[in-house]
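In: Generate a structure from the sequence data that follows.
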Amino acid sequence: MARIDLVDLAHSYSGETADPESFALKPISMTWRQAGAYALLGPSGCGKTTLLNLISGIVTPSRGKILFDGVDFTPLSTQKRNIAQVFQFPVIYDTMTVGQNLAFPLKNRSVPKADIDARVAEIARLLDLTPHLSRKATRLTADAKQKISLGRGLVRSDVAAVLFDEPLTVIDPELKWQLRSKLKALHRDLDLTMIYVTHDQTEALTFADTVVVMHDGRVVQSGTPAELFDKPAHTFVGYFIGSPGMNIVPAEVRGREARVDGHVIRCAGTITACRPAPGSRLACVPNSSTSRRRRRACCRPPSSGSMTSAAFVSRAFELATPNSRRGCRRDFRSRTRSQAWSSIRRTFTSTPTAA
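Out: The predicted structure is shown next:
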């Protein structure tokens, strides 16, 4: 196990001299604590797998450093980084038995046979593979083969970290929740640093203690699942996390007022702004009720003038009581613009029912 520090890490597949905005991974600096459970979450093409391959050593970064427990591992090969990685599709030896597949990484490191047998038995028990240890891997289903891949990544107790690159892609939907729960239990039992790449927010939010949201090659926010849902630091996070995502409406914000298309919405609390992410600002309106849901406004960079150019946002139909949710839905579908904004105004100034 190791603490992993990324220092101004960036990468371009076109070379270091490429336009900085074309980099697959824009400069980031962050720390992955020892024995933490992390998820890299974002849409396809946002840089998740690139970042994972940089950590594992498959790809050499164009800029920056990667430190393992304070030691610079940037120029070292994957083998010397002591990393285990599990890919989207099963990587196993079909001609070997399940037990031989699980034992293979330990045999390559000349681990004593007694220790190999004990470790294989432990991992097989945790992954429910014990009944299949003597079976040839070629006869197993795709999800069973992926379990073997997971086991091969977890069987070594001395790894600095275990990296998962969308490991549940080939798993049937009804079995995914079982394996997600199993991975979470394995993290608790084995006390390993785990980094899990996915575009599925359900996988990320149920597996990880800390979720790192990526967009267009940048880390836009890092935090616990609750922090990402309740306090998004970027409009993309507000839209991407939760179902349905936030509504985003252009607005001008000052104090307790938000001006939307000429209409003034007076909020229950003062909208305070901060700048937690490049290119975006966040303003949270404190909720006066006991509900855990909050009213928010995610702001764009300020424009000229005394008011802030903003995007006034809310999670669709979660801020109000069930009756007012239905009213808002009808407003947006059938009522006039002025009537709709009256309903929105009531939603943001009335006290929601406690969740």
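
In: Tell me, how many residues neighbour residue 113?
Out: Residues lying near residue 113 (other C-beta atoms under 10 Å) number 10. Where you see a C-beta, it was placed from the backbone N, CA and C, and this is true even at glycine.

In: So for it, what pLDDT did the model give?
Out: The per-residue pLDDT reported for residue 113 equals 94.

In: give me phi/psi at it?
Out: Recorded main-chain torsions at residue 113 are phi -60, psi -40, according to degrees, to the nearest 10.

In: what separates it from residue 95, distance-wise?
Out: The span separating residue 113 from residue 95 equals 21 Å under the rule C-beta to C-beta, to the nearest Å.

In: any low-confidence regions in this protein?
Out: Residues of the chain meeting the criterion pLDDT under 70: 1, 268-355.

In: mind listing the helices for it?
Out: 48-56, 78-81, 98-107, 113-126, 142-154, 173-190, 201-207, 225-230, 235-240, 322-334, 337-349 (DSSP state H).

In: So what touches the fifth one?
Out: By that I understand helix 142-154. The set of residues that contact helix 142-154 without belonging to it, under C-beta atoms under 8 Å, 6 or more residues apart in numbering, is 84-87, 89-92, 98, 101-102, 104-105, 123-124, 126-129, 132, 137, 140, 162, 164, 167-168, 170-172, 175, 179, 183, 186, 190, 192.

In: Run through the residues that contact the residue lying closest to residue 51 once chain neighbours are set aside.
Out: Counting by C-beta to C-beta, 6 or more residues apart in numbering, the nearest residue to residue 51 once its immediate chain neighbours are dropped is residue 25, at 5.8 Å. The neighbourhood of residue 25, defined by C-beta under 8 Å, 6+ apart, consists of 9-11, 47, 50-51, 54, 61, 217.

In: can I get these in a markdown table with distance to residue 233?
Out: Below are those laid out as a markdown table (distance: C-beta to C-beta, whole Å):
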| residue | distance to residue 233 |
| --- | --- |
| 9 | 20 |
| 10 | 21 |
| 11 | 24 |
| 47 | 18 |
| 50 | 22 |
| 51 | 19 |
| 54 | 24 |
| 61 | 25 |
| 217 | 17 |
